[in-house]
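Peer 1: Everything below, folded, please.
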Amino acid sequence: MVAQISSIGFPVPRVVSNVITGAKQSPATFQPSTRVTLSDASDEINAIYNIGAQKLRTSTTSSNSQLAYLMSANLHQSVSVSFQGLGKALLLQLKDDPNDFSSAVASPVDVQVSGDNDKAAAVALGIVTQSGVKVSVSLSRQQDGIVAQIQTSHGDLDENEVLAISGLADAFQAALDGLSAQPPVVNIDGLTQFDNTILKSVDLNTDVRQGNDSLQSLNYQSDNVSRG
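Peer 2: Numbers count the residues shown, from 1 in each chain. As a prediction, this is how the structure comes out:
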């Protein structure tokens with residue numbers, strides 16, 4: 001499903017936005033068990049913003065040189081496109097190490113992107129497996145740097161679960177790339193195609209804000225209750 005973000009609401013399930021103007025409407029078809037809204041930032045997103053990149057960096061190291069390289073490269077991009085390649089790389093990280101992971105790269109003093117000094121962006125991808133394991137994937141970009149994290153709870157991932165989650169890497173990145181496009185588009189079709197024999201639900205929350213004002217927030221929820 002690919003649809004341009006619009007200021008016009010759809011019947012539930014729907015895409016609704018009152019913060020982005022000038023975007024064209026495009027027909028969209030959703031799974032019966034899918035909900036997509038554009039609204040205020042969620043509590044989960046607000047919690048991610050509270051993690052300072054500088055503070056996390058003092059106690060966290062990353063063994064994934066490719067991910068660290070991508071994080072550093074994105075610091076030279078504007079906030080709205082600051083997750084290029086990171087969503088995919090973060091999920092693929094699970095194949096090498098299916099344990100909790102966190103990394104932060106602080107902004108170099110000389111990096112100043114025009115007009116972005118008070119902007120921030122955050123992403124939260126939540127996945128629940130049929131066995132009950134919860135995986136929380138987060139990315140945040142603030143003035144002080146970029147933070148990437150994977151946290152698991154309620155058990156450990158088995159090999160099939162790791163493969164199913166890492167298999168969403170391209171879809172996750174496509175969703176992030178769509179939201180950073182001009183004009184932004186909702187491109188979450190790949191996230192609706194998860195293996196429902198292994199995964200129970202996939203949720204995605206994203207936010208871009210300037211100061212205390214949320215400029216664009218997406219809340220996507222999907223489960224396999226109504227999927228055949």
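Peer 1: Count the residues that sit near the nearest residue to residue 133 once chain neighbours are set aside.
Peer 2: Once flanking residues are discounted, residue 133 sits nearest to residue 155: 4.4 Å by CB to CB, 6 or more residues apart in numbering. Just so you know, the C-beta spots here come from the backbone N, C-alpha and C atoms, and that holds for glycine as well. Residues near residue 155, counting by other CB atoms under 10 Å, number 12.
Peer 1: Equivalent analysis for residue 74, please.
Peer 2: 20.
Peer 1: do residue 171 as well
Peer 2: Neighbours of residue 171 under the rule other CB under 10 Å: 22.
Peer 1: try residue 98
Peer 2: With other CB under 10 Å as criterion, residue 98 counts 20.
Peer 1: any idea how far residue 69 is from it?
Peer 2: Per CB to CB, to the nearest Å, residue 98 is found 22 Å from residue 69.
Peer 1: can you check residue 171 too?
Peer 2: Counting by CB to CB - residue 171 and residue 69 are separated by 23 Å.
Peer 1: go on, residue 147?
Peer 2: Separation of residue 147 from residue 69 (CB to CB): 16 Å.
Peer 1: quick one, which of the two is more surrounded?
Peer 2: Per other CB under 10 Å, whichever of residue 147 and residue 69 has more neighbours is residue 147, with 27 against 13.
Peer 1: Would you state the strands of this structure in chain order?
Peer 2: Secondary structure of the chain, counting by DSSP state E: strands at 2-4, 34-38, 101-106, 119-129, 134-142, 145-153, 185-187, 199-210, 213-223.
Peer 1: Could you dump those into a markdown table with mean pLDDT and distance to residue 164 added?
Peer 2: Listed next are these as a markdown table, based on pLDDT from 0 to 100; distance: least, CB to CB, whole Å:
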| stretch | mean pLDDT | distance to residue 164 |
| --- | --- | --- |
| strand 2-4 | 49 | 23 |
| strand 34-38 | 54 | 18 |
| strand 101-106 | 85 | 18 |
| strand 119-129 | 94 | 8 |
| strand 134-142 | 93 | 10 |
| strand 145-153 | 92 | 14 |
| strand 185-187 | 88 | 20 |
| strand 199-210 | 92 | 5 |
| strand 213-223 | 83 | 14 |
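Peer 1: Can you add distance to residue 179 and give the ones you listed back as TSV?
Peer 2: Shown next, in TSV, are the strands of the chain (distance: least, CB to CB, whole Å):
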stretch	distance to residue 179
strand 2-4	11
strand 34-38	10
strand 101-106	21
strand 119-129	9
strand 134-142	12
strand 145-153	16
strand 185-187	7
strand 199-210	6
strand 213-223	6
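Peer 1: ok, the residue nearest to residue 133 - contacts?
Peer 2: 131, 132, 133 (CB atoms under 8 Å, 6 or more residues apart in numbering).
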